[in-house]
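1. fold the following and give me the result.
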Amino acid sequence: MEICICDDEKKMRNALRNAVETELQLNGVSCALKEFSSGEALLCSLETSEPDILFLDIEMKGLNGMETAHRLRERCRRTVIIFVTAYPDYVFQGYEVHAFHYILKPYREEKIREVLRLALEETERLEDRYFLIEQKSRSLKIPLKDIVYFRSDRKKVSAVTNGRTYEFYGKLADIESELPEYFIRIHNRYLVNLRHVTDLDASSCICGGEELPVSRPNRHSLAAAFARNMLGG
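-> Numbers count the residues shown, from 1 in each chain. Next up, the predicted model:
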């Protein structure tokens, strides 16, 4: 596992590092911990490794944190991004890069450690959970993190990932009952992974780069779940 801290203020990097190291030691977690003083330096490091968890300041000299996160997402879909900022107005912009949580400055060490525990649980969940598809000649295990959405067409269901679509027979309601809460129904034909939703409007959402319909009965629950997911609650 690799955890990165990116902040252009050395004092803030040190404070974050101390809190992260304390929590890792208490939980017996071993990982590589890296620090970067700029977004440019962080992005250069992606040539050799991909962070599992990233604490990212937003207001930085040069490339700011939001711009850095957008460029990181082009290569790293799985990184758990935790923004550290003094400006809560950035929360809604973070939807576009699937930010996991926000920590507002000035922060307490206990808050850093609490969010890190949640992030560690998230990385473990993303690594370990699968959706099992039973077909006539074989069984397939698809990582949940890779599934963008499920689409139903009569008795047939399609599990759509970034690279492939897997078809099988089933009911969307049964599938929904088996999945974690970050999968949510948006339409009688669609069940989406909130981790891949980047935009919402009155009648549709962007999920994995595709525009999908949102039915009237599901609008409120989708908006509420999207906000909870964004804020780590």
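2. from here on, just use CA atoms for contacts and neighbour counts.
-> Noted.
3. double-check that residue 76 belongs to a strand.
-> No - counting by DSSP: H, G, I helix; E, B strand; the rest coil, residue 76 is located in no strand; its state is coil.
4. quick check: it touching residue 52?
-> No - contact criterion Cα atoms under 8 Å: residue 76 and residue 52 do not qualify, at 9.2 Å.
5. can you give me the helices in this structure?
-> Under the criterion DSSP state H, helices of the chain are mapped to 10-27, 39-45, 65-73, 109-128, 172-178, 219-230.
6. tell me which of the ones you listed lies nearest to residue 33.
-> Nearest to residue 33 among these is helix 10-27 (8.1 Å), distances taken as Cα to Cα.
7. run through the neighbouring helices and strands of the closest one.
-> Packing contacts for helix 10-27, counted by 3 or more Cα pairs under 8 Å, 6 or more residues apart in numbering; DSSP states H and E, involve strand 2-6, helix 109-128.
8. buried set for that helix?
-> Neighbour counts using 16 or more other Cα atoms under 10 Å place 12-13, 16-17, 19-21, 23-24 of helix 10-27 among the buried residues.
9. could you list the low-pLDDT ranges of the chain?
-> Residue ranges of the chain with pLDDT under 70: 90-95, 125-128, 228-233.
10. if we use 50, what do you get?
-> Along the chain, segments meeting pLDDT under 50 span 232-233.
11. so what are the domain limits for it?
-> 2-127, 130-230 (automatic domain parsing).
12. measure the nearest residue to residue 150 once chain neighbours are set aside to residue 140 for me?
-> Among residues not flanking residue 150 along the chain, residue 159 sits closest, at 4.6 Å (Cα to Cα, 6 or more residues apart in numbering). For residue 159, the distance to residue 140 (Cα to Cα, to the nearest Å) stands at 11 Å.
13. okay, now the closest residue to residue 208 other than its chain neighbours: neighbour count?
-> Once flanking residues are discounted, residue 208 sits nearest to residue 196: 5.2 Å by Cα to Cα, 6+ apart. When counting by other Cα atoms under 10 Å, one arrives at 24 neighbours for residue 196.
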